[in-house]
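[1] sequence first, then the predicted structure:
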Amino acid sequence: MATMAVLASCPLFRAGLASLLQTMGFNPVKQAADVKELQQQLDEGISPEMLLIDLSHGGDKAVSADDIRTWAPVTKVVLLASELDLGLLSDYFAAGACGYLLEKISANAFEESIRLVHAGEKVFPSELASMIPGLAPVFRRPPSTSIEFEKSKLSLREIDILRCLTNGQSNKAIANTLDIAESTVKVHVKRILQKIHASNRTQAALWGAARGLAAERSHELSQFAEMD
């Protein structure tokens, strides 16, 4: 079984997670309150194959999305949170996270989710699917011109394509909307994923939605999870 590490600021909660993971066959399971402490327990230059981060007890201060990208780019990261935060989910998944679980999850569902991530799958809370049809009003605002877009270095054309992608459009539909070749759309999508550090269209759609690239119709947004 893969090597596992747990980041959680609460010692008792951290020990409980580690014990549960050990019963699942993970060995060893390293425990730490933050990345610095975890690094001291690991061999130099070595990162765990899987990393479980508890965000519900201040874990978001122990490791940021940027920390994941720079420190453990190949580690399969699973987040455990008290509630569904789309902005947080978007940032961590754009940085390469593989799972986002809620702390109210059952033990059986937790174990199955960890095994799915270990097998190479992505896992999300079921609440995300039920929320999608109602997300359009939340994100129906002018596209952001914040420093995040400046840092991403997306071109105006790429922002247009990302907006269409966020709205759930296929490459063919984007090509028709923008009156460009489908092959051109594919090239732009590939560049967009690279620039925002997303590994697939779902992550890109979440990244765009969290930054104001709104769906005009809720049924369009509900399609984005099917576009991988």
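    Yes, it's here.
[2] so what are the domain limits for the chain?
    Here the domain parsing of the chain from automatic domain parsing is 4-124, 132-226.
[3] turn the ones you listed into a markdown table, including mean pLDDT.
    Shown next, in a markdown table, are the domains of the chain (pLDDT from 0 to 100):
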| stretch | mean pLDDT |
| --- | --- |
| domain 4-124 | 84 |
| domain 132-226 | 72 |
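[4] which residues of this protein fall in strands?
    Along the chain, counting by DSSP state E, strands occupy 4-7, 29-32, 50-54, 76-81, 99-102.
[5] tell me the most buried of the ones you listed?
    Stretch with highest mean neighbour count among the strands of the chain: strand 4-7 (a mean of 27; mean count of other CB atoms under 10 Å). (Glycine included, C-beta is placed from N, CA and C.)
[6] quick one: contacts of it?
    14, 17-18, 21, 26, 28-35, 38, 42, 48-54, 59, 62-63 (CB atoms under 8 Å, 6 or more residues apart in numbering).
[7] at the geometric centre of the chain, which residue sits there?
    The structure's the chain has its C-alpha centroid closest to F93; by CA atoms, centre = their mean the separation is 1.8 Å.
[8] ok, that residue touching A198?
    Yes - applying CB atoms under 8 Å as the test, F93 and A198 come out as touching, 7.4 Å apart.
[9] joint contacts of those two?
    W207.
[10] quick revisit: next up, the contacts around the residue nearest to the centre of the chain.
    Contacts of F93 (CB under 8 Å, 6+ apart): 100, 122, 198, 202-203, 206-207.
[11] and the gap between the residue in the chain sticking out farthest from the centre and R157?
    Here the chain reaches farthest from its C-alpha mean at D179, the gap being 31.1 Å by CA atoms, centre = their mean. Between D179 and R157 the computed distance is 12 Å (CB to CB, to the nearest Å).
[12] over to A5?
    Counting by CB to CB, the gap from A5 to R157 is 41 Å.
[13] go on, A15?
    A15 sits 51 Å away from R157, going by CB to CB.
[14] same question for P125.
    Taking CB to CB, one finds P125 at 34 Å from R157.
[15] give me the more crowded residue out of these two.
    A count of neighbours by other CB atoms under 10 Å puts P125 above the other of P125 and R157, at 20 against 15.
[16] residue contacts, the nearest residue to the more buried one once chain neighbours are set aside?
    For P125, ignoring the flanking residues on the chain, the nearest one in space by CB to CB, 6 or more residues apart in numbering is L102 at 4.9 Å. Going by CB under 8 Å, 6+ apart, L102 touches 80-84, 125, 127.
[17] hmm, back to that, and of the contacts of F93, the nearest to A107?
    Y100 (17.7 Å; CB to CB).
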